[in-house]
Structure formats: C-alpha cells, structure tokens
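Peer 1: build me a model:
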Amino acid sequence: MSSVALAAVLFSIAMAVAQAAGSTNNDMSGKGERLVVAACRNMSSGLLSTKTHFDEEPCVSALRSDRWSSTANDYGDLAAVAMDVLGRRAAEAAAMIDGVLRDLTAARNRTRRAFQLCSANYAFMERALPACRDMFLGLKPLGKKAPCFDPVEDDAGDVLRCLDSIGEEASECDLSLANHWGDEKIEWFDNVVKHVSLAWGLVEMATDCLDNDSHW
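Peer 2: Below is the predicted model:
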C-alpha cells in the first residue's frame, strides 16, 4: 500500500473514532439534560414532600450551573450535583456575611448581632454538608431500594435528617436577617434555603424516601 493510501486509511479511521466519541458525548449530554428537565418539573409540581418546591426555570438554571449535570445518569447523580451547588451558594453567602460584619463595627448593633448569628449558622452548614453528601453517596448505588427511616440500617432518612439540620440553620439566618436587616435585602439568603430544598427533593426522587416532618 502506498504511503498516500495508508495516510488516507488512517485519516478515515481517526475520523470514525472522533465521530463515535462525539456521538457518545452527545448521548450522555442529552440524557443529562433530559434528567435535569424532568427533575425540575417534579420539583415544581408539588408531588414531593412539602419542603421541596422549586420553580422549574431557576431549578434548571441551578443544576446547569454545574457542568456535571450534563453527564448525570440518574436522579442520584443530580442530588450529588445539587449538594455541590448548595455548597457553593452557602460559601458565597458566608463570604457576604463576613464582609458585612467587617463594615458593621458597632458592638451593640442589632443588625450586627443578626449577622453574627448567621455566621454561626453557616459555620455549622459548612461542616455538615460534606457529611450529608458522603452519607448519600454511600446509599446512592441502592437507588430506590435504599432503606427509608429504618431503625437499624443506614438509610435515606439519615440523609434527609442531615439536610434538615442544614435547612434549619439556613432558615434561622434568613429569619434573623429579615427581622433586623429587611426582607428586601435577603434574597441571596432565601436562595440558599431554596437550594437546600433542591438537594432534599432530589434525594427523595433518587431514593423514593419522602419526609414531611422537616423543621424549617
């Protein structure tokens, strides 16, 4: 075979491999996108437990903000993505709290006290969220067969209880700021509470374990 013919054959093989890889990536991306849309329709439908409502458009936007959502294979993958997004939103809110505290120097200022309490809330959330995520990843391979509020085994109920504690802290900060800083200024902190709902709802979808007894 001449060098020209050999080069042509190798080029054809390379093109075929590239097209196959592209097709695989497109299939994965398409599946992930369909999962995001389906999950967010569930989140906005009121079919899950009472704490999980999240309007469809902001839900889709939140999940798409993490590139791993495009390769998700199931709701469990999206639940892990939602916890990662929640972690970033909480870190951004915590940085905002630190910035406000640097500017509010009056020791007996009620707004400053509210932000100090929020700082404690978010410090707890920063420690707790990785534990919630690890607990969920341990159950994720079981999918909808994961135990739900089992008194003996590790189960999906433990993950929801863990997220419940984070929701309580986020809501407590939200309420404190609403009382001492003004409702119109706390949209960023409301958003963190909504992202807890997003993670919660996706864990419910992934495991079929529903909980209407949350405390936030």
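Peer 1: wait, residue 208 sits on residue 142?
Peer 2: No: look at residue 208 against residue 142 with C-beta atoms under 8 Å: they stay out of range, at 10.6 Å. No exception for glycine: its C-beta is placed from N, CA and C like everyone else's.
Peer 1: could you list every helix and strand in contact with the helix or strand where residue 168 lies?
Peer 2: Assigned by DSSP states H and E, residue 168 falls within helix 156-180. Counting contacts by 3 or more C-beta pairs under 8 Å, 6 or more residues apart in numbering; DSSP states H and E, helix 156-180 is packed against helix 110-139, helix 187-207.
Peer 1: how about those helices in a markdown table, adding mean pLDDT?
Peer 2: A markdown table is the format used below for these (pLDDT from 0 to 100):
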| stretch | mean pLDDT |
| --- | --- |
| helix 110-139 | 95 |
| helix 187-207 | 92 |
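Peer 1: in JSON lines, list these along with distance to residue 180 and mean neighbour count.
Peer 2: Shown next, in JSON lines, are those (distance: least, C-beta to C-beta, whole Å; neighbours: other C-beta atoms under 10 Å):
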{"stretch": "helix 110-139", "distance to residue 180": "4", "mean neighbour count": "18"}
{"stretch": "helix 187-207", "distance to residue 180": "12", "mean neighbour count": "24"}
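Peer 1: could I get the ones you listed as a markdown table with distance to residue 158?
Peer 2: Putting the helices and strands packed on helix 156-180 into a markdown table (distance: least, C-beta to C-beta, whole Å) gives the following:
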| stretch | distance to residue 158 |
| --- | --- |
| helix 110-139 | 6 |
| helix 187-207 | 11 |
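Peer 1: out of those, which is closest to residue 69?
Peer 2: helix 187-207 (10.7 Å; C-beta to C-beta).
Peer 1: assign the spatially closest residue to residue 116 that is not a sequence neighbour to helix, strand or coil.
Peer 2: Spatial nearest neighbour of residue 116, excluding adjacent residues (C-beta to C-beta, 6 or more residues apart in numbering): residue 101 at 6.9 Å. Assigned with DSSP: H, G, I helix; E, B strand; the rest coil, residue 101 falls in the helix class.
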